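Asker: Structure, please.
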Amino acid sequence: MAITVQKFISLANFYNQMAMMMSAICVQKGGIALEHYVGRFFMADTLEFVAEYGKRLLDKNEKNLSEDVIAVIKKFQQQYEKIKDLTTPTEKPIYEMTLEEFERVMNI
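Answerer: Numbering: from 1, shown residues only. Now for the predicted structure:
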């Protein structure tokens with residue numbers, strides 16, 4: 001799969017639409033805080049994917065990218081840095097974790 005600006009924009013738009021939808025769900029469910037919504041983990045994984053895609057795009061095509069695209073990539077990377085502790089761990093699947101590890105990952 002070729003890493004392109006158009007695909008990055010599509011992924012970024014998907015993430016933004018999903019964030020808006022999750023906010024609406026939280027409001028509809030009685031105004032629960034987004035940090036208490038169970039979908040926050042999926043949202044964090046998606047943001048991780050978008051940020052990594054943007055990083056790879058920047059690494060391959062930095063000279064050919066507009067400043068607007070570079071700014072969006074950096075914005076996604078900054079957002080990801082704030083919530084990276086919510087992403088699904090890659091080193092160990094949940095079913096192999098101890099209870100303490102699971103509680104730490106789920107922020108319980």
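
Asker: now the residue most central in space within the chain: how far from residue 99?
Answerer: When CA atoms, centre = their mean is applied to the chain, the residue found nearest the centroid is residue 47 (1.2 Å). Here residue 47 is placed at a distance of 27 Å from residue 99 (CB to CB, to the nearest Å). C-betas here are computed from N, CA, C, even on glycine.

Asker: What of residue 10?
Answerer: As judged by CB to CB, residue 10 and residue 99 stand 39 Å apart.

Asker: ok, so what distance separates residue 28 from residue 53?
Answerer: Taking CB to CB as the measure, residue 28 and residue 53 are separated by 30 Å.

Asker: Which one of these two is surrounded by more residues?
Answerer: The neighbour comparison of residue 28 against residue 53 (other CB atoms under 10 Å) goes to residue 53, with 18 against 9.

Asker: Output the longest helix along the chain as CSV - backbone C-alpha positions only.
Answerer: What stands out as the longest helix in the chain, according to DSSP state H, is helix 5-28. Output of helix 5-28 as CSV, limited to C-alpha atoms (Å, rounded to 0.1, in the frame of the first residue of the first chain):
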residue,chain,number,x,y,z
VAL,A,5,-1.4,12.4,1.3
GLN,A,6,-4.9,11.5,0.1
LYS,A,7,-5.0,8.4,2.2
PHE,A,8,-3.7,10.3,5.2
ILE,A,9,-6.4,12.9,4.8
SER,A,10,-9.0,10.2,4.5
LEU,A,11,-7.8,8.6,7.8
ALA,A,12,-7.7,12.0,9.5
ASN,A,13,-11.2,12.7,8.4
PHE,A,14,-12.3,9.3,9.6
TYR,A,15,-10.8,9.9,13.0
ASN,A,16,-12.4,13.4,13.3
GLN,A,17,-15.8,12.0,12.3
MET,A,18,-15.4,9.2,14.9
ALA,A,19,-14.4,11.6,17.6
MET,A,20,-17.5,13.7,16.9
MET,A,21,-19.7,10.6,16.9
MET,A,22,-18.3,9.4,20.2
SER,A,23,-18.9,12.8,21.7
ALA,A,24,-22.5,12.7,20.6
ILE,A,25,-22.9,9.2,22.1
CYS,A,26,-21.5,10.4,25.4
VAL,A,27,-24.0,13.3,25.4
GLN,A,28,-26.9,11.0,24.5
